[in-house]
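Asks: Just a sequence and a predicted model for now, questions to come.
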Amino acid sequence: MRIGHGYDVHRLVEGRKLILGGVDVPYVKGLLGHSDADVLLHAISDAILGAIGEGDIGKHFPDTDPAYKGADSLKLLRHVMDLAENKGYRIGNVDATVVAQRPKLAPFIAQMRSNIAATLGTEEDRVNVKATTTEELGFAGRGEGIAAYSVALLQKK
Ligand SMILES: Nc1ccn([C@@H]2O[C@H](COP(=O)(O)O)[C@@H](O)[C@H]2O)c(=O)n1
Ligand SMILES: C[C@@]1(CO)OP(=O)(O)OP(=O)(O)OC[C@H]1O
């Protein structure tokens, strides 16, 4: 068994879609990034890369490479899972927390979980997604950005 941890932050700006866990969440702002800036999927991708000793998403998908401009982070996550599977691993479980003061994410969590499980080729009960505010403290609390944390446990197939 192998364990990995991931953390990511993106800035909230006007004129961008808010994509979280592959869900287009209705909001007045979206996350800024080279890709679709799906901070949740980036944290999960980094957790899996950590578990298999493969660095981080910046190493695999450089933000200087035009190929990843506007990239769908579900596709990046699938590529990361291909690396894990090629090394003989499958998902034990994945847990993640999105840190966002707004918008309310609870109505979208089930779809995020479903998207992530399908992309990882695993059962939904092996994937958990949570959301928390920071009680208006810090950058997330001021609505300047959204953070996400994840851990991933991988098992030998
Ligand atoms: N963006 C968010 C943040 C939180 N939630 C849900 O609200 C619950 C309470 O949040 P606290 O920060 O006060 O702990 C939390 O457990 C989430 O279920 C949310 O939907 N969207
Ligand atoms: C995902 C990548 C893809 O180019 O770009 P960004 O959307 O900027 O996201 P970040 O979390 O900064 O990780 C870097 C890149 O791998």
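Replies: Good, I have the coordinates. Ligands and ions are numbered 1, 2, ... in the order given.

Asks: Would you confirm that residue 22 contacts residue 115?
Replies: Yes - with contact defined as C-beta atoms under 8 Å, residue 22 counts as touching residue 115 (3.7 Å). For every residue, glycine as well, the C-beta is placed using N, CA and C.

Asks: Now for those two: what residues contact both?
Replies: residue 74 (C-beta atoms under 8 Å, 6 or more residues apart in numbering).

Asks: Hmm, residue 72 is touching residue 24, no?
Replies: No - Residue 72 lies out of contact with residue 24 (C-beta under 8 Å); the separation is 11.4 Å.

Asks: near ligand 2, which residues of the chain?
Replies: Proximity of the chain to ligand 2 (C-beta under 6 Å from any ligand atom) is limited to residues 8, 33-35, 37, 42, 57-58, 61-63, 68, 71.

Asks: Would you mind checking those for buried ones?
Replies: When neighbours are counted using 16 or more other C-beta atoms under 10 Å, the residues of the chain next to ligand 2 contain these buried positions: 8, 33-35, 37, 42, 57, 61, 68, 71.

Asks: For this protein, give the residue positioned nearest to ligand 2.
Replies: With C-beta to the nearest ligand atom as the measure, residue 33 is the residue of the chain nearest to ligand 2, at 2.8 Å.

Asks: now that residue, what's its secondary structure?
Replies: On the three-state scheme (DSSP: H, G, I helix; E, B strand; the rest coil), residue 33 is labelled coil.

Asks: any low-confidence regions in this protein?
Replies: Judged against pLDDT under 70, the chain has no low-scoring part.

Asks: so how far is residue 35 from the most centrally placed residue in it?
Replies: With the centre of the chain defined as its mean C-alpha position, the nearest residue by C-alpha atoms, centre = their mean is residue 41, 1.7 Å away. As defined by C-beta to C-beta, to the nearest Å, residue 41 lies at a distance of 9 Å from residue 35.

Asks: Overlap of the contact sets of those two?
Replies: Between them, residue 41 and residue 35 have 73, 76 as joint contacts when contacts are counted by C-beta under 8 Å, 6+ apart.

Asks: Which residue, neighbours along the chain excluded, lies closest to the residue of the chain closest to ligand 2?
Replies: If the residues on either side of it in the chain are set aside, residue 33 comes closest to residue 10, at 5.2 Å by C-beta to C-beta, 6 or more residues apart in numbering.
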